[in-house]
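K.L.:
Sequence and predicted structure are below.
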Amino acid sequence: MVKHCFNVENIGKDKKLKKIYEESPKMKNNFIKKLNNDQKYFYSLIEDLENCKVGFYSVGLYPASLAYNCAMHGKSNNILLAPREGRDLLGAFSNDVLLHMDNEIIEKIERMGHYSSDGKIKSFDLKHLLLECEIVILASNSNHIQDDVKHALELRKTLNRENVVLGCLVGSFCIDNKNKNPFILCNKYPNLAFFTGFHRHGALRNPNDSFTANFCHPDSLTALIGARILNQLSPKIQVSPGVHNIECQYIKSIKNISSIFAGFVNNFHSDKPGMLPTINTILLAQCLDQAASVSLQVRKENKLENKYLSLKELGYGEEIISAKEIINDEFCEKGDYTFSQLNAVKADVLGSMTLPTEGNPTRNFQAGQVLSDMLLQLNRCPKDVSEFINWCNKNSLSQGGLEGLKSLKFWPDIYKEFKIKNNNCSMINLIYLCFNANSEEKKEIYKVLISSEEITNFCQESVKSELSLELNEKLKGGYSFNDIENLYKKLFIEKKENDFKKSENSDKIPKKNPSYINVLKIINSYFNN
């Protein structure tokens with residue numbers, strides 16, 4: 001029998017989680033409230049799917065690029081755009097990019113965002129989207145998304161349009177303005193849809209490229225219908241349904257941090273292509289490992305009840321994929337990996353960590369390239385995040401567009417809240433301490449970051465469990481044991497103090513260890529779930 005390591009009763013004990021669930025009762029966010037009572041509406045909706053509209057509110061670089069792709073390839077006019085008040089519809093694009101755009105396509109996009117009233121051309125707003133569309137994606141970043149969700153819920157109710165499904169695509173953790181605690185938006189609003197996939201804004205304007213995406217909603221029927229509606233926006237964007245909205249938003253927030261790390265490694269170690277697959281593989285694996293731990297925890301409270309469609313009918317290969325460990329001679333569930341079957345989500349992670357063959361990489365990847373330039377020129381880690389942001393600004397990377405940097409700021413709280421194990425987040429811990437450790441510790445971190453041997457050793461050792469690391473410590477110094485009794489003592493009798501526990505004075509770093517071992521100890525002094 002498999003036991004769950006996480007007890008649902010812990011929600012009541014964890015004040016932070018309890019507050020989130022108490023303040024945010026599950027919002028109603030479905031096309032059909034009750035299938036038995038809304039049979040007539042169900043038939044009319046399904047029969048008219050090809051005419052269903054999707055609205056994007058807050059038209060930043062991504063939704064504008066998505067609209068460009070739809071205008072370039074789509075035959076129907078079923079996408080509407082509403083910029084934030086005071087913003088231009090195409091204001092996210094630089095003048096240089098706009099000059100190279102097709103004028104006919106620009107005109108189509110303009111029609112997506114405007115209507116005529118009393119002889120005047122006006123921009124759509126959120127109210128228009130809720131009245132005209134079946135799906136409204138709130139495309140704002142973490143600076144505005146909380147206010148936008150609240151406003152959309154209130155406005156939707158006022159307009160009596162509660163069958164409009166709301167979604168988001170924010171790629172960082174949010175912060176509670178009252179208690180200053182970070183959280184996953186889809187965990188606070190468990191029925192909020194999440195739209196995700198690898199859609200690098202420059203690539204979306206390539207007329208020959210194709211993309212995949214996932215539309216995730218915890219109700220399988222809503223996910224299926226929503227994906228079908230979104231799938232018809234452009235023949236070049238294939239959208240599949242999923243139910244794991246919370247997990248996918250967590251992955252997107254974490255992969256934006258991972259993208260910074262990948263940008264650094266790809267730039268600093270560009271002459272060492274052999275190590276790049278190792279780095280990217282671990283970054284992807286740790287994104288999934290963390291999300292599996294998060295899934296096991298959040299789904300105790302927000303269960304996935306697929307009344308009408310099974311996950312296999314929705315497109316998943318398996319109904320459940322579970323990781324287990326042995327505790328006290330019993331199997332204990334440690335992670336739920338069912339979400340990992342959403343290939344567009346994994347493609348988003350891999351794509352964000354890869355240097356493209358044409359055009360620019362993602363903005364977070366570019367920030368990693370800036371970090372590489374810093375280390376090359378300064379021969380040290382950044383003094384703090386502020387120094388790094390200044391360098392980013394000099395390279396035309398504004399902080400507002402770097403969702404990975406926002407997520408990194410909240411990482412220690414997220415790490416504690418979801419009880420992430422160090423061997424599942426060692427790369428995130430490393431990049432966090434690159435900015436936030438003390439000066440002596442940063443010297444060791446710098447040595448690991450600039451050496452291919454040190455960083456690959458760090459990758460190999462940091463993903464091991466505490467038991468494996470402890471065994472390595474016991475065996476240190478003796479790789480051949482002619483005396484069986486001595487080996488037995490090292491394995492079973494000697495109770496050495498674990499070197500990976502927090503030391504009283506972390507500044508005193510042993511000189512005999514390689515730097516990657518010292519950095520592992522530094523990490524464990526800061527992060528000790």
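P.N.:
Cool, the structure landed. Everything quoted here is computed from the prediction, not taken from an experiment. Residues are numbered from 1 along each chain as shown.
K.L.:
Would you state the helices of the stretch 251-400 of the chain in chain order?
P.N.:
276-301, 311-314, 343-352, 363-378, 385-394 (DSSP state H, counting those that start in this stretch).
K.L.:
looking at the ones you listed, which is closest to Leu49?
P.N.:
Smallest distance to Leu49 across the helices of the stretch 251-400 of the chain (Cβ to Cβ): 16.7 Å, for helix 311-314. Placement of C-beta: from N, CA and C, glycine included.
K.L.:
I'd like the average pLDDT over the closest one.
P.N.:
The average pLDDT within helix 311-314 is 94.
K.L.:
Enumerate the positions of that helix that are buried.
P.N.:
Within helix 311-314, the residues that count as buried by 16 or more other Cβ atoms under 10 Å are Leu311, Leu314.
K.L.:
Tell me the secondary structure at the nearest residue to Gly315 once chain neighbours are set aside.
P.N.:
Among residues not flanking Gly315 along the chain, Ser240 sits closest, at 5.6 Å (Cβ to Cβ, 6 or more residues apart in numbering). Judged by DSSP: H, G, I helix; E, B strand; the rest coil, the three-state class of Ser240 is strand.
K.L.:
Any regions of this structure where pLDDT drops low?
P.N.:
Low-confidence segments of the chain (pLDDT under 70): 1-26, 35-36, 199, 201, 467-511.
K.L.:
gap between the residue sitting nearest the centre point of it and Leu311?
P.N.:
Taking Cα atoms, centre = their mean, the centroid of the chain lies closest to Lys252, which sits 1.4 Å from it. To Leu311, Lys252 is 21 Å away according to Cβ to Cβ, to the nearest Å.
K.L.:
now Asp102
P.N.:
41 Å.
K.L.:
so how far is Gly263 from the residue nearest to the residue nearest to the centre of the chain when sequence neighbours are not counted?
P.N.:
Spatial nearest neighbour of Lys252, excluding adjacent residues (Cβ to Cβ, 6+ apart): Gly171 at 4.6 Å. Distance from Gly171 to Gly263, counting by Cβ to Cβ: 15 Å.
K.L.:
Might you report the residue contacts of the residue nearest to the centre of the chain?
P.N.:
The neighbourhood of Lys252, defined by Cβ atoms under 8 Å, 6 or more residues apart in numbering, consists of Leu169, Val170, Gly171, Thr196, Val345, Asp348.
K.L.:
hang on, isn't the last one packed against Ile254?
P.N.:
No: the pair Asp348 / Ile254 is not scored as a contact, 11.3 Å apart, by Cβ atoms under 8 Å.
K.L.:
so what's the nearest residue to Ala82 once chain neighbours are set aside up against?
P.N.:
Closest residue to Ala82 in three dimensions, ignoring its sequence neighbours and counting by Cβ to Cβ, 6+ apart: Phe124, at 4.2 Å. By Cβ under 8 Å, 6+ apart, Phe124 lies in contact with Gly55, Leu80, Leu81, Ala82, Gly113, His114, Tyr115.
K.L.:
Tell me which two of those sit farthest apart.
P.N.:
Gly55 and His114 (13.4 Å).
K.L.:
And these two? Which one has more around it.
P.N.:
Gly55 (26 against 17; other Cβ atoms under 10 Å).
K.L.:
Spatially nearest residue to the more buried one (excluding sequence neighbours)?
P.N.:
Once flanking residues are discounted, Gly55 sits nearest to Leu129: 3.2 Å by Cβ to Cβ, 6+ apart.
K.L.:
Which residues are in contact with that neighbour?
P.N.:
Leu129 makes contacts with Gly55, Phe56, Tyr57, Leu80, Ala82, Val136, as judged by Cβ under 8 Å, 6+ apart.
K.L.:
same thing but at 6 Å, please
P.N.:
Listed by Cβ atoms under 6 Å, 6 or more residues apart in numbering, the contact partners of Leu129 are Gly55, Tyr57, Leu80, Ala82, Val136.
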